[in-house]
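1. Need a 3D model of the following:
(3 chains)
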Amino acid sequence: MSALIQQLNPEQHAAVTLPTENALILAGAGSGKTRVLTTRIAWLISTGQVSPAGVLAVTFTNKAAKEMMARLSAQLPIPVRGMWIGTFHGLCNRFLRAHWREAGLPQTFQILDVQDQLASIKRLLKGLNVDEERHPPKQVQWFINGAKEQGLRPGDVQTRDPQSRQLAEIYLAYEAQCTRDGVADFAELLLRSYEILRDNPAIRRHYRQRFRHILVDEFQDTNRLQYQWLKLLAGPEDAHGACVFAVGDDDQSIYAFRGAHAGNMDDYQREFHVRHLIKLERNYRSYGHILDAANTLIANNARRLGKNLRTEAGAGEPVRVFEAPSDYAEAQWLVEEIRQLLRDGLAPSEIAVLYRANALSRVIEGALFNAGLPYRVYGGLRFFERAEVKHALAYLRLLDNPQDDTAFLRVVNFPARGIGARTLEQLQDAARLRATPLCDAVDALGGRGAASLQAFLDLVAQMRFQTAAMSLPDLVRHVLEASGLNAHYREEREGQERLENLEELVNAAAAFVTQEGFGLQAAAQQRQALGASSGAATEGLAAFDGIDPATGETLSPLTAFLTHAALEAGDNQAQTGQDAIQMMTVHAAKGLEFDAVFITGLEEGLFPHENALSEADGVEEERRLMYVAITRARKRLYLSLAQSRMLHGQTRYNLRSRFFDELPAQSLKWISAKQPGFGGGFGADQHSSWSDVPKASVPSFTPPAPKPKQGLRTGQAVFHNKFGEGVVLSLEGDGEDARAQVRFNRHGTKWLALNIAKLTPVS
DNA sequence: ACCTGGGTACTTTTT
DNA sequence: GTACCCAGGT
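-> Just a heads-up that it's a prediction; the model follows:
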């Protein structure tokens, strides 16, 4: 332990060994934030100031929580699994599983993700006969989540005008529907936990006595409700209050659009009487020019707590800037620069291409693909959000809770079993009339529809019976077969990938069982090791995940797995297993670092984004976003922009981003190609040929060059492979070594390596 | 049950 | 440009 402490720099050391009082650590990018957090916990425990059970550490992402647990278990010889380390939602879920009675939830309540919630709202609006023009489901969803994140129930919502009055009514009906279904949405997990703590003195007292130290990661990202929750949990400073250790960086606050309130940092300092504000300003990540760029840029923001990153690593290479005539040329330049970096020995995964909006990835992806460079695009659907996986999960949810109408409607007729829209409408009417879940209204119907519905219920009941004694992976496999999902996708032409995902779901279930160490024995051992249960939990309060305080029963593996699926949506792309160039939005890059970083599309309207210009503090948030992007780079940073770019179906001519005027000229090197446009090679010598493009020059509008004619054009060829038949949209290269963008159906395109001889020209 | 055409939106996103 | 949703037709 003392060795760990000694490795810290003076700032970090001061933070880790702070006395027991509320503190705020202003942790700059790359300043060893996670290290300080985990070492603080390790220090507190190893010096006997707190037991592992007395620590609560909260993060925003599962990734951060896992990272913290991994590092902590490397530092301390204690089982970390049972500690209260997790995301806000994960910890609140754990809390609600223990106090499901007080929460008024079924013990096996399921969690609605964003998709489920929207489906639930759509169903509700139909039932209420609400005009979807007047109240678009998305807006209703936004309203409800917004209200919950401010701690407001339907009765607390301001209802001055008819519009908001109706929204409040919908909110009320939505709550009733969730209760009937036995489900909770994400915001509900937090709000209900908050309310239990607020309204139940015994529970509040228990947790306040238990958690002596509360540590918060990414504090600048907390929303109002999360802050109030922390305040309630910590309790008053004088009496039995916990000690709060908040770590954050106001300059990296980029989530205001989803309710993050960086002002919580000011409130926290005031309301928690913070005496020690420690700044971690020594950066261990980037070279000097990169940090100079970051520091100079962010200094343009008015309201800051104030911080300046420094390094002892030297100045390094200047930041390279490239202004391309078009988005296409920008991508070509990118390819050449990346090739050079790879020649220099950089691993592909150490190169990141960042952009402000996902739409910008397309051109770049095309260029990388055609160049034969391996890449991975982050974003899009995550594993547990895929349609086929959601279908499977819906069956699993029905096993657990037949009243889950969202799950019911999702699969009642999938795979198709002759239950039409009219039958379902009748069923929903009947259920509404009786105020029961759909499964309890089937007997109200007659005719063929009723028989089909009954057959569905029987199917689910049969699955429940058959799987009762099965292990979780076996259960999942059985449901995939018995439900007909596997058969359905085996039949389908393009079902191969979906089948693989379903198989992956079985693997995920198996991995989950292994990881969680299911069974009472493991849980009991964990409790014992932490020395938590006997003392505090004798009050009848559970200490651990999924343990019913009254009966001591653990959650079933199935319920736990479903919770896991909702709370942790998984990776957003199948692992290629290949070392690949990383492509992602700037938001997605937060918390990551790479040897070389490209920030693309640095144009007015794009970055800063035009929508942000009209919002209060919008430009400041964009600037913070740019700050985050810059500070991702360790060794090399590239900035690029295009004078013209195809966006929303039309060519736009954007001006150079204002951020260039806010960067230190001495840290930038403007480069340009000898032959801008197409066909001009951006050879290796380009990298040393700096041009003298003056920084403030107005970009000249080069008319977009015609796209080079390369092989066949859109719709002129058909391609066959295992995916089926597809239309070639664009083609590069020749012979057996061609690459093409192929559209296989009306839903999306794929880039493929193919042999031109295999193409069938369209007559 | 499946296909097709029209209409629309389109910044960022974790849980 | 294009991705997605929904309505209405086959």
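2. host element of residue A:228?
-> According to DSSP states H and E, residue A:228 maps onto helix A:224-234.
3. how far is that helix from where the chain is centred?
-> 22 Å (C-alpha atoms, centre = their mean, to the nearest Å).
4. Is DNA strand B within reach of it?
-> No. Helix A:224-234 stays clear of DNA strand B (C-beta under 7 Å from any atom of the strand), getting no nearer than 10.5 Å. All C-beta spots, glycine's among them, are computed from the backbone N, C-alpha and C.
5. Show me what that helix is packed up against.
-> Packing partners of helix A:224-234 (3 or more C-beta pairs under 8 Å, 6 or more residues apart in numbering; DSSP states H and E): helix A:88-98, helix A:137-149, helix A:186-199, helix A:201-210, strand A:213-216, helix A:264-271.
6. how about those in CSV, adding mean pLDDT and mean neighbour count?
-> As requested, those are exported to CSV (pLDDT from 0 to 100; neighbours: other C-beta atoms under 10 Å):
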stretch, mean pLDDT, mean neighbour count
helix A:88-98, 95, 23
helix A:137-149, 91, 18
helix A:186-199, 96, 21
helix A:201-210, 92, 16
strand A:213-216, 96, 24
helix A:264-271, 94, 17
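7. for the ones you listed, which one sits closest to residue A:283?
-> helix A:264-271 (20.3 Å; C-beta to C-beta).
8. immediately after the closest one, which helix or strand?
-> strand A:276-280.
9. helices or strands up against that following strand?
-> On a contact count with 3+ C-beta pairs under 8 Å, 6+ apart, strand A:276-280 meets helix A:10-16, strand A:23-27.
10. if you compare those, which one is most tucked away?
-> Of all the helices and strands packed on strand A:276-280, strand A:23-27 carries the top mean neighbour count, a mean of 26, counting by mean count of other C-beta atoms under 10 Å.
11. Quick one, which of the helices and strands packed on strand A:276-280 gets closest to DNA strand B.
-> When the helices and strands packed on strand A:276-280 are compared for distance to DNA strand B using C-beta to the nearest atom of the strand, the nearest one is strand A:23-27, at 18.9 Å.
12. State the mean pLDDT of whichever helix or strand comes after the closest one.
-> Tracing the chain past strand A:23-27, the next element assigned as helix or strand by DSSP H and E is helix A:33-46. What helix A:33-46 shows for mean pLDDT is 94.
13. among the helices and strands packed on helix A:224-234, which is nearest residue A:380?
-> helix A:137-149 (18.9 Å).
14. That closest one packs against which elements?
-> In terms of contacts (3+ C-beta pairs under 8 Å, 6+ apart), helix A:137-149 is packed against helix A:114-128, helix A:162-181, helix A:186-199, helix A:224-234.
15. Downstream of the helix or strand of chain A with the lowest mean pLDDT, the next helix or strand is which one?
-> None of the helices or strands of chain A scores lower by mean pLDDT, DSSP states H and E than helix A:533-536, at a mean of 37. Heading C-terminal from helix A:533-536, the first helix or strand you meet, by DSSP H and E, is helix A:557-567.
16. Okay, angle between that next one and helix A:114-128 too, please.
-> Comparing the axes of helix A:557-567 and helix A:114-128 via axes from the mean of the first three to the mean of the last three C-alpha atoms, to 10 degrees yields an angle of 90 degrees.
17. what does the average pLDDT come to for the longest strand that chain A contains?
-> Looking across chain A with DSSP state E, the single longest strand is strand A:633-647. Computed over strand A:633-647, the mean pLDDT rounds to 95.
18. go on, stretch A:349-363?
-> Across stretch A:349-363, pLDDT averages out at 95.
19. Next, see if it gets close to DNA strand B.
-> Yes. Stretch A:349-363 lies within reach of DNA strand B by C-beta under 7 Å from any atom of the strand, at A:356-359.
20. Among the residues you listed, which are located in strands?
-> With strands taken from DSSP E, there is no overlap with the residues of stretch A:349-363 next to DNA strand B.
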